[in-house]
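Asks: please find the sequence and the predicted model below.
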Amino acid sequence: MSTRHATPAAGRTRVQQAALAVGTVFLLVGLLGFIPGVTTDYDTMRFAEHHSEAKLLGLFQVSILHNIVHLLFGIAGIAMARAASTARTFLIGGGVIYLLLWIYGLIIDLDSAANFVPVNTADNWLHFVLGIGMIALGVLLTRRTAPAAR
């Protein structure tokens, strides 16, 4: 499978640019999760339990662990954007992880100890969109195009 679609300006393929952008967004989200005001009910934030009522942008339930996961995903995306093959792996593999997290969030009781990350309904549907979007970027930006007929 070809992963070559280099852009002359940046010297990076499109899949590398996408992985870098996604990684940067994850890093930013992870940092924002630690900023009071951007994260509402900041004083209720816990390390890893469903009792953390802190919400990023007043919508997405976060904890210290949840923010650390975003930071690690961001670092991984930025590091893996160095090569087209690893950028593709980050996008598709990360997308699969987010779809699994979406399914997990759907089947657990959000008020139980199983919700240790924690997640809420808004997080669940964001995880679904992220999973589909990351997989689509990884696949579509690395697929081979048919050579033009002569």
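Replies: Right, received. Where do you want to start?
Asks: and the helices in the chain, which stretches?
Replies: 14-32, 64-80, 84-107, 121-140 (DSSP state H).
Asks: among those helices, which comes closest to Phe47?
Replies: Counting by Cβ to Cβ, Phe47 lies closest to helix 64-80 out of the helices of the chain; the figure is 4.6 Å. Yep, even glycine has a C-beta here, placed from its N, CA and C like the rest.
Asks: low-confidence bits of this protein, can you list those?
Replies: 1-10, 145-150 (pLDDT under 70).
Asks: and if we set it to 90?
Replies: Counting by pLDDT under 90, the low-confidence segments of the chain come to 1-11, 48-52, 115-118, 143-150.
Asks: okay, buried residues for stretch 127-145 please.
Replies: By neighbour count on 16 or more other Cβ atoms under 10 Å, the buried set for stretch 127-145 is His127, Phe128, Leu130, Gly131, Met134, Ile135, Leu137, Gly138, Leu141, Thr142.
Asks: output that stretch as PDB, restricted to C-alpha atoms.
Replies: Extracted C-alpha coordinates of stretch 127-145, given in PDB (Å, rounded to 0.1, in the frame of the first residue of the first chain):
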ATOM      1  CA  HIS A 127     -15.000   8.700  20.900                       C
ATOM      2  CA  PHE A 128     -17.200   7.300  18.100                       C
ATOM      3  CA  VAL A 129     -16.600  10.200  15.800                       C
ATOM      4  CA  LEU A 130     -12.800  10.200  16.600                       C
ATOM      5  CA  GLY A 131     -12.600   6.500  15.900                       C
ATOM      6  CA  ILE A 132     -14.300   6.700  12.600                       C
ATOM      7  CA  GLY A 133     -12.500   9.900  11.600                       C
ATOM      8  CA  MET A 134      -9.000   8.600  12.500                       C
ATOM      9  CA  ILE A 135      -9.600   5.300  10.700                       C
ATOM     10  CA  ALA A 136     -10.900   7.100   7.600                       C
ATOM     11  CA  LEU A 137      -7.900   9.500   7.600                       C
ATOM     12  CA  GLY A 138      -5.500   6.600   7.900                       C
ATOM     13  CA  VAL A 139      -7.100   4.600   5.100                       C
ATOM     14  CA  LEU A 140      -8.100   7.300   2.700                       C
ATOM     15  CA  LEU A 141      -4.800   9.300   2.900                       C
ATOM     16  CA  THR A 142      -2.700   6.200   2.100                       C
ATOM     17  CA  ARG A 143      -4.800   4.300  -0.500                       C
ATOM     18  CA  ARG A 144      -3.300   3.800  -3.900                       C
ATOM     19  CA  THR A 145      -4.800   5.800  -6.800                       C
END
